[in-house]
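# Sequence below, structure please.
(2 chains, ligands or ions: 2)
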Amino acid sequence: MIKAKNKLGLVFFPAFDWAISSTHPEREERLLYTQDQIFEEGIEDIEGIYFYNPIIAAEKDIQRVHFCVPDVKSRLTQSHYISAGGAIKAFEAVINGDVDKAFALVRPPGHHAQRVVYGDRGFCIINIEGVMLERIRQKNKDLRVAIIDTDCHHGDGTQDIYWNDKNTLFISLHQDGRTLYPGTGFLDESGGPGAYGYNINIPLPPGTGDEGFLYVLDNVVLPILDEYKPDIIVNSAGQDNHYTDPLTNMNFSAQGYAKLNDRLNPDIAVLEGGYSIEGALPYINLGIILAMAGIDYSHVKEPDYDKDKLKQPPDITEYIKKLSDTVYKRWQKRETLRADIIKGYDNIQRTRQIYYDTDGILENQTQNFKICRKCSGVNTIDSQSDTGYHIFAITIPLDACSDCVDHGYRLYKNTSKSDYSNIYLQDRVNDMFFSK
Amino acid sequence: MIVGLDVGGTHIDAVIIEHGNIIDTVKRPVNRDDLFESIWTTLETLFSRHDKTKIERVNLSTTISTNAIVEKKTSPVGMVIQSGPGLPNDYLACGDENVFISGYVDHRGKLVQDFNLKEIQKAIDLFKKRDIRCCAVVTKFCTRNFNHELKIKKLLDKHFPSITMGHTLSGKLNFPRRVFTSYLNAATYDIFKEFADNIKKSMEQEGINAPLFILKADGGTTSLSAATDRPVETILSGPAASFMGINAMLNTNKDALLLDIGGTTTDIFFLADGVPLFEPLGIEIGSYKTLVRAIYIHSIGLGGDSSIHVENGQLIIGPTREGPPYALGGPKPTPTDALIALGLMKIGNRDKAIEAIQGLSQKLNLSLEDTAQKILDTMGDIIKGRVDALLVQINSKPVYTLKELLYGKKIKPHLINIIGGPAKYMKPVLEKKFNLPCYFPKHYHVANAIGAALARITTDITMVADTSQGVLSVPEMGIYEKISGNYGLESARERAIKLLIERAVYLGAYQDELETEIIEESSFNMVRGFFTSGKNIRIKTQIKPGLIYELKGDKDD
Ligand SMILES: [Zn+2]
Ligand SMILES: [Zn+2]
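Ligands and ions are numbered 1, 2, ... in the order given. Model (predicted):
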């Protein structure tokens, strides 16, 4: 029998009875053929591979990460608590030492869900990696984590959640925002004053293939990880960079995904997007499982794989080399760049318009980050949606100093209900959540 | 009259049951070198005492295939394996010759690449050179499209007497297990066929026309001729026989824990709402994981003859048996010695038993009675500990829908049914440990033969209807037929039940045994490019496992 080199936990929960709508890409059928492939390959009989059911995330788990408007219960369906619970289960299996690594094949995905949640955007309502990580962090406060988002779309939700958190390095590889939803993820989106430079975007040109992705991995991602030295590496494992994906324009293959996971060596992978459910997902998921388990994946191949047709054109290769160079140089200069940005300020603001494509909601928000020398600082969000809400949300971060804790509570007390429909206080230090 | 026979490790048990009553039993030692002879003389003894014309059926639980596998007395097998892309395939080489061929179909059964005829010719030459008679052909995803297996079988047919095709053995997806199951089937073909021919001939000579059935590991039976095609299904039917025996004597429709406490081991089984719990995929034999449907069983090294010793003031029972109990001339104290010492069991030399238990009491600093009681308590603790762990495992088996995760069935035994030598004495101990009522039957010593006698036909089929391809397949029955684009779940259900009945009748089922049920069904909307292109319907049906009838009045209380 085959034996896994690394003990691997799999949370395989295809949610066969849940869909956004019957013809939506995020539908019951999505992981059906992946299941067929996993079953037929006999993955469950491999020594060292263990299957787990998801747990069900609690409301409190969601509130550590999100401000659901008006509240958690009205925004989420059972599927979201379970999808996040699947990711939590995967992380728990690793952190408890039951397995060396874990892969949560769950749906719906989460990487487009930002801190404020009015509805569904990019098929996501809550950020399942964020909910997972913050639950684990509540007991492991100093955990340094790197999230590498390999979904084809910019992980704008995860970026928003970790925008000001130096303990979470976020690197997103994605198709250039000028050519794909959500239209963000550019080089200069580098993070808030508390974590400037720790949010790294690598916008890749349409047509990027195995060569390009692996070049970025070897020349940008891995060197940065070497310096950052995370305790845990999470792969936000979207599979829509595949050459057959119906929503995107990249040329990544199952072999490419497997090699990427082999070299990245993540502790945890969480499925994100990927909608070529028949021609890509069964093979990519198999490739990732084998790579993570340390089993030979060289025979994994899509039926229509054609190496010559998928060869990356030289101009793209050239572009990616230059881009990689720029990204890496920005990383090295992050302290200088940060100093320039915060010079002379007590607070840094950013104002954005956020579109919820799945639910057709438009949001305008301003985030304010207090610059504190002792911690990453209290931050607030003033947000209005065209569904009629105007909210004010205060976050006391996990590393907050006592002044910032007091400041956060004062703000909550002093903000008047007459100005806002909802006011929230997220106190990560005491793991509390208040709303009025 | 129904005749039931079970071949155990040391003895053969046979019973005749009439109108729900046991009217005769026979017990004879097994001669492992001539199983057929042992079985036949046992049957003859029984036949000679009754009116042969009144025998309605004969059910046999044999160890023919099991012993052949365990003792490595199987026929050499030539394997033709089409493994396609995916996992490395070298570990699938289980045959005496293994030929890996090119080509494959994908997970929906779509042909991606054909195989090469030259590779098959090479396999034929190779197998012939080695004088191989039995072959197996297994292709990845053959459950979705078995055309390659059929074509290859046709090419091999004129050269070899027996060719097993993977898709005929199970509709479940698990290629490695299908390879090993097919191998074992081919490997046991000759030896089982010889047995079947012998028994048929002897029955004819004896003038018995009653149909003959063979017990399977799932606690059901199959006709002798079907077993000849699929001998692998007859492996490890022994525990299934005892399990069915317990159910025949102590029927329940609740969640229950079933225990068979023997000399060396204790077998643990479960019922969910009175229905046997099965292994999720199939039974394991030797180093082979298979797709042979089997009753869930967990054995622990704990029985009446387990050796007992004291380690750091702790009482350790099992997991090994070093011989018979001390009171019967064995080397070590055993739980049976404790029962003899207490005066509960009246066998062997009681003084010897007391001597053995006293040796332990000195080390434990307890009285003789307390030591003996502690032995029984410890056995109860071991069983309770293991059962609790198994239930956690069983109740956390992977599920794939919100509904199952949130509201899925969890097994929680309401009672314990127990058989075996120490059953009577373990009853109060187990009742206390589990806080559940515990029952044992009167005829527990022939439970296995009763189980074999009263088991009825079981079979199951797996159907996939893919309307966008316009194909419906039932691999176990070799069905691969066209369906229209508007084929729905309702039609699929009807068709599945009809086919299941057809198959059960072919396997020899009686009309009143055709209790069908759908055990799994799903229908997926297939969407391609934002438009519905069809439905992917999956249905599993089975003849509900069960008994011909329950035994009458056989509860101890
Ligand atoms: Zn995506
Ligand atoms: Zn502070």
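# What are the structural domain limits within chain A?
Per automatic domain parsing, the domain ranges recorded for chain A read A:3-334, A:346-435.
# touching ligand 2 at all, the shortest one?
Think domain A:346-435. Yes: Domain A:346-435 lies within reach of ligand 2 by C-beta under 5 Å from the ion, at A:372, A:374-375, A:401, A:404. Placement of C-beta: from N, CA and C, glycine included.
# and that domain, how far apart are its ends?
Taking C-alpha to C-alpha, to the nearest Å, the first and last residues of domain A:346-435 lie 27 Å apart.
# do the longest one as well
In terms of C-alpha to C-alpha, the two terminal residues of domain A:3-334 are separated by 43 Å.
# Could you check how far that domain is from the centre of its chain?
How far domain A:3-334 lies from its chain's middle: 6 Å, per C-alpha atoms, centre = their mean, to the nearest Å.
# Sort out for me which of the residues of domain A:346-435 next to ligand 2 are in strands.
Judged by DSSP state E, strands contain none of these.
# Tabulate these (TSV), appending pLDDT and neighbour count.
What follows is those, written out as TSV (pLDDT from 0 to 100; neighbours: other C-beta atoms under 10 Å in any protein chain shown):
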residue	pLDDT	neighbour count
A:C372	94	19
A:K374	94	11
A:C375	95	19
A:C401	97	18
A:C404	97	21
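# what's the farthest-apart pair in those?
A:K374 and A:C404 (7.5 Å; C-beta to C-beta).
# Leaving aside the residues adjacent along the chain, what's closest to A:G377?
Distances taken as C-beta to C-beta, 6 or more residues apart in numbering or on different chains put A:K370 closest to A:G377, at 4.0 Å, once the chain neighbours are dropped.
# My read is that that neighbour contacts A:H407, right?
Yes: A:K370 lies in contact with A:H407 (C-beta atoms under 8 Å); the separation is 7.3 Å.
# and the residue of chain B nearest ligand 2?
B:L405 (41.5 Å; C-beta to the ion).
# Burial check on that residue, number of neighbours?
21 (other C-beta atoms under 10 Å in any protein chain shown).
# How far off centre is the helix or strand encompassing it?
Under the criterion of DSSP states H and E, B:L405 resides in helix B:402-407. Its chain's C-alpha centre and that of helix B:402-407 lie 29 Å apart, by C-alpha atoms, centre = their mean.
# continuing past the one helix or strand A:I288 maps to, what's the next helix or strand?
Assessed by DSSP H and E, A:I288 sits inside helix A:281-293. Next helix or strand after helix A:281-293 toward the C-terminus (DSSP H and E): helix A:314-332.
# Dump the C-alpha coordinates for that following helix into CSV.
Extracted as CSV, the C-alpha positions of helix A:314-332 are listed here (Å, rounded to 0.1, in the frame of the first residue of the first chain):
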residue,chain,number,x,y,z
PRO,A,314,8.3,34.8,-24.1
ASP,A,315,6.8,38.3,-23.6
ILE,A,316,4.8,37.1,-20.6
THR,A,317,7.8,35.4,-19.2
GLU,A,318,9.8,38.7,-19.6
TYR,A,319,6.9,40.7,-18.0
ILE,A,320,6.8,38.4,-15.0
LYS,A,321,10.5,38.5,-14.4
LYS,A,322,10.4,42.3,-14.2
LEU,A,323,7.2,42.3,-12.1
SER,A,324,8.9,39.8,-9.7
ASP,A,325,11.9,42.0,-9.4
THR,A,326,9.7,45.1,-8.6
VAL,A,327,7.7,43.2,-5.9
TYR,A,328,10.8,41.8,-4.2
LYS,A,329,12.5,45.2,-4.1
ARG,A,330,9.4,46.8,-2.6
TRP,A,331,9.5,44.1,0.1
GLN,A,332,13.1,44.9,0.9
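# Show me what it packs onto, helices and strands only.
strand A:199-204, helix A:210-216, helix A:222-228 (3 or more C-beta pairs under 8 Å, 6 or more residues apart in numbering or on different chains; DSSP states H and E).
# now do 6 Å
helix A:210-216 (3 or more C-beta pairs under 6 Å, 6 or more residues apart in numbering or on different chains; DSSP states H and E).
# what does the stretch 101-250 of chain B put close to chain A?
Within the stretch 101-250 of chain B, the positions near chain A by C-beta under 6 Å from any C-beta of the partner chain are B:106-107, B:112, B:141, B:173-176.
# So which of those residues belong to helices?
Members of these lying in helices (criterion: DSSP state H): B:175-176.
# Can you go through the residues of the stretch 101-250 of chain B next to chain A and name the buried ones?
Buried by 16 or more other C-beta atoms under 10 Å in any protein chain shown: B:106-107, B:141, B:173-176, out of those.
# for chain B, what spans make up the helices?
Counting by DSSP H, the helices of chain B are B:35-48, B:64-70, B:117-129, B:147-157, B:175-206, B:224-229, B:238-249, B:335-341, B:350-364, B:368-395, B:402-407, B:423-434, B:447-454, B:489-506.
# Of all the residues in chain B, which one is nearest ligand 1?
Nearest residue of chain B to ligand 1 (C-beta to the ion) works out as B:F530 at 16.4 Å.
# repeat for the stretch 51-200 of chain A
A:H153 (3.6 Å).
# Pop out the phi and psi values for that residue.
In terms of degrees, to the nearest 10, the main-chain angles of A:H153 are phi -90, psi 150.
# residues contacting it?
Applying C-beta atoms under 6 Å, 6 or more residues apart in numbering or on different chains, we find A:H153 in contact with A:174, A:181.
# returning to that earlier point: out of the domains of chain A, nearest to B:T164?
That would be domain A:3-334 among these, by C-beta to C-beta, at 18.6 Å.
# average pLDDT across that closest one?
For domain A:3-334, mean pLDDT is 97.
# can you put the helices of chain B in TSV and add mean pLDDT and distance to B:N98?
Below are the helices of chain B laid out as TSV (pLDDT from 0 to 100; distance: least, C-beta to C-beta, whole Å):
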stretch	mean pLDDT	distance to B:N98
helix B:35-48	92	30
helix B:64-70	92	18
helix B:117-129	97	9
helix B:147-157	97	14
helix B:175-206	96	9
helix B:224-229	95	23
helix B:238-249	93	31
helix B:335-341	95	47
helix B:350-364	95	53
helix B:368-395	96	34
helix B:402-407	93	39
helix B:423-434	95	47
helix B:447-454	94	36
helix B:489-506	96	31
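# Out of those helices, indicate the one that is most buried.
Greatest average neighbour count among those goes to helix B:447-454 (a mean of 31), per mean count of other C-beta atoms under 10 Å in any protein chain shown.
# same for that one, what does it pack against?
Looks like helix B:447-454 contacts strand B:2-7, strand B:11-18, strand B:57-61, helix B:238-249 (3+ C-beta pairs under 6 Å, 6+ apart).
# Any chance of a markdown table for these, columns distance to ligand 2?
A markdown table is the format used below for these (distance: least, C-beta to the ion, whole Å):
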| stretch | distance to ligand 2 |
| --- | --- |
| strand B:2-7 | 77 |
| strand B:11-18 | 80 |
| strand B:57-61 | 75 |
| helix B:238-249 | 66 |
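# Adding distance to A:L173, write the ones you listed out as a markdown table.
Converted to a markdown table, the helices and strands packed on helix B:447-454 look like this (distance: least, C-beta to C-beta, whole Å):
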| stretch | distance to A:L173 |
| --- | --- |
| strand B:2-7 | 63 |
| strand B:11-18 | 68 |
| strand B:57-61 | 60 |
| helix B:238-249 | 54 |
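# For A:P397, find the nearest of these.
Nearest of the helices and strands packed on helix B:447-454 to A:P397, taken as C-beta to C-beta: helix B:238-249 at 59.0 Å.
# Please dump the residues of the stretch 101-250 of chain B next to chain A into CSV; it should also carry distance to ligand 2 for every row.
Putting those into CSV (distance: C-beta to the ion, whole Å) gives the following:
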residue, distance to ligand 2
B:D106, 57
B:H107, 54
B:V112, 60
B:F141, 59
B:L173, 56
B:N174, 56
B:F175, 58
B:P176, 57
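# What segments of the stretch 101-250 of chain A are helices?
Secondary structure of the stretch 101-250 of chain A, counting by DSSP state H, counting those that start in this stretch: helices at A:128-139, A:156-161, A:210-216, A:222-228.
# what about residue 144, how many neighbours?
Here I'm looking at chain A. 13.
# could you do chain B instead?
For B:R144, the neighbour count with other C-beta under 10 Å is 25.
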